[in-house]
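Trainee: Sequence plus the predicted model coming up.
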Amino acid sequence: MDFSWSIPLRRNGQTILPLIPNEIYLAIFECIAPTDQPLREQYVGTFSALALVCRFFCSVALPRVFERVTFSGDTNSNRTQASRKTKWARQIVANTEPAKSVALYVKQCTFELWDLNEEAKWLLFPFATLYCQAMARMSNIQKVVFSTSFVKKDHWEALAELKQLEVLEFRFCSFIEDPPDKELTVRTVMLFRTRNFPTTFTLRPIATASIRSLSADDVEAVLKIVAFRQLTIDKLVLIQQNFDMELLLHVFQRLPDLQSVTLALKERVVVSSLLVIGKFSLKKLFTRLRSFTVKDTGFLVPRDETEMLISALCDGPGTLPSLEELNFHFLTVGEWTTTLDIISDRLNGTIIPAFPNVRYINTDAGSIRLEEGHWKVHYSNRG
């Protein structure tokens, strides 16, 4: 689709009005919907209308409208929209303009609500296949999300065609067919609440060397994947899971070169025993770690356990020069600022000797930052 334009002409009837520079139009569009955020549903109609004004407006608005596309298996909620998506997909597969050009604007594609009715699932297969064929032609896609969806061979074959794909996310999914012998490269894989957690065989199409980040909520499955695939990832995120701390330590021991670790721990897991927490030393486990985060435990942590956790993280001989950032996003029994106060008390005697290059320590109550050679405490507003 060819978009060549000059500054849009302005008229009031037959009267030509002064031109407005394109930069001002762009600033107005930015105020309506910032480009660094997904276009909200309430503005899709607005930007669709703007695309009809002139070529310049179309060149700005149309990519925003089609930046994120969702194919839903729940056609009962909006039959008109489902019919339009089906028609558009058929036009893409048929290589028809303007559908095939618009498909190039898509950066994120989501398959959602395809796994609601087990008995009627087979009725959706033809539509899933059609949408997969259309997605395979959306060559600029960077992220694909499967949410409450089955994942079959057609999906994997389409994913293998997406050379710009960086993020692959599965939530509440079931893997119902073995994948084809095709390889795809993604940097980030996210696996949450899958009904039959994907096996190492299921994830076979994903090239091991390309994976740099793994997010999941099943530490045992992560350990199997890491061990079987011999991953050398940079970032690990484990969210909303009652961890077996011993299994977690085994995962860490297989990934000594991690640069970023994020854990969301639930009740009584922060320090399950002195024996386990005594092994939980960042200096003993990692060689290149730059950021470590413990977040949103969902309960108040006793003060002595927060103190023990911080001491354990800093335990052991030597230093970890690579560490630059620590994040403790949980509340400790006492005041709103108790977690921050404990960290402040142990900054010079415990934390800095272990991590001499740390620059930022963040909590829900505020942060401690190294600014111009001095540590300064910044308190956040309690929301």
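Mentor: Noted; the coordinates are in hand. Numbering: from 1, shown residues only.
Trainee: Check which element follows the helix or strand where residue 190 lies along the chain.
Mentor: Assessed by DSSP states H and E, residue 190 sits inside strand 188-192. Next helix or strand after strand 188-192 toward the C-terminus (DSSP H and E): strand 213-216.
Trainee: Okay, buried residues for that next one please.
Mentor: Within strand 213-216, the residues that count as buried by 16 or more other CB atoms under 10 Å are 213-216. For glycine as for every other residue, the C-beta is placed from the backbone atoms N, C-alpha and C.
Trainee: How about residues contacting stretch 19-37?
Mentor: 7-10, 39-40, 43, 46-47, 50, 56-57, 60-61, 64 (CB atoms under 8 Å, 6 or more residues apart in numbering).
Trainee: Show me which residues of it are buried.
Mentor: In stretch 19-37, counting by 16+ other CB under 10 Å, buried: 25, 29, 33.
Trainee: Also stretch 111-118?
Mentor: So stretch 111-118, judged by 16+ other CB under 10 Å, has buried residues 111-115.
Trainee: ditto for stretch 328-341
Mentor: 328-332, 336-341.
Trainee: and the two most separated of the residues you listed?
Mentor: 329 and 341 (15.5 Å; CB to CB).
Trainee: Is residue 175 in contact with residue 155, as I believe?
Mentor: No. Taking contacts as CB atoms under 8 Å, residue 175 lies outside contact range of residue 155: 9.5 Å.
Trainee: Have a look at the two and say which one is more surrounded.
Mentor: residue 155 (25 against 22; other CB atoms under 10 Å).
Trainee: pLDDT at residue 298, what is it?
Mentor: Note for residue 298: predicted pLDDT of 69.
Trainee: All further residue positions should be reported with the first residue as 3.
Mentor: Shifting the count to begin at 3 puts that one at residue 300.
Trainee: What backbone torsions are found at residue 44?
Mentor: phi -70, psi -20 (degrees, to the nearest 10).
Trainee: okay, now it: neighbour count?
Mentor: Neighbours of residue 44 (other CB under 10 Å): 8.
Trainee: How about the contacts made by it?
Mentor: Neighbours of residue 44 in contact, by CB under 8 Å, 6+ apart: none.
Trainee: Start from the N-terminal end of the stretch 3-152 of the chain and give the strands.
Mentor: 13-14, 17-18, 70-74, 110-114, 145-149, 152-153 (DSSP state E, counting those that start in this stretch).
Trainee: Let's have those strands in CSV, adding mean pLDDT and distance to residue 383.
Mentor: As requested, those are exported to CSV (pLDDT from 0 to 100; distance: least, CB to CB, whole Å):
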stretch, mean pLDDT, distance to residue 383
strand 13-14, 73, 48
strand 17-18, 81, 51
strand 70-74, 93, 32
strand 110-114, 96, 33
strand 145-149, 97, 33
strand 152-153, 92, 43
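Trainee: how about those strands, which one is nearest residue 326?
Mentor: strand 145-149 (27.0 Å).
Trainee: Which neighbouring elements make contact with the closest one?
Mentor: strand 110-114, strand 169-173 (3 or more CB pairs under 8 Å, 6 or more residues apart in numbering; DSSP states H and E).
Trainee: Helix or strand: which one has residue 343?
Mentor: helix 340-347.
Trainee: ok now that helix, how far from the chain's centre?
Mentor: Relative to the centre of its chain, helix 340-347 is centred 30 Å away, using CA atoms, centre = their mean, to the nearest Å.
Trainee: What residues of stretch 119-136 count as buried?
Mentor: Neighbour-count burial for stretch 119-136 [16+ other CB under 10 Å]: 123, 126, 129-136.
Trainee: Just the residues you listed: which are in helices?
Mentor: 123, 126, 129-136 (DSSP state H).
Trainee: Drop anything exposed from the contacts of stretch 21-39.
Mentor: Buried among the contacts of stretch 21-39 (16+ other CB under 10 Å): 41, 45, 48-49, 52, 58-59, 62-63, 66.
Trainee: tell me which of these is nearest to residue 297?
Mentor: residue 41 (28.2 Å).
Trainee: any weak-confidence spans in this structure?
Mentor: Counting by pLDDT under 70, the ranges of the chain that qualify are 3-8, 197-203, 242-245, 268-281, 299-300, 384-385.
Trainee: what about the helices in the stretch 253-385 of the chain?
Mentor: Counting by DSSP state H, counting those that start in this stretch, the stretch 253-385 of the chain has helices at residues 276-279, 284-287, 305-315, 340-347, 354-356.
Trainee: If we go by neighbour counts, what in the last one is buried?
Mentor: When neighbours are counted by 16+ other CB under 10 Å, the buried residues of helix 354-356 are found to be 354, 356.
Trainee: Show me what that helix is packed against.
Mentor: Taking 3+ CB pairs under 8 Å, 6+ apart as the contact cut, helix 354-356 packs with no helix or strand.
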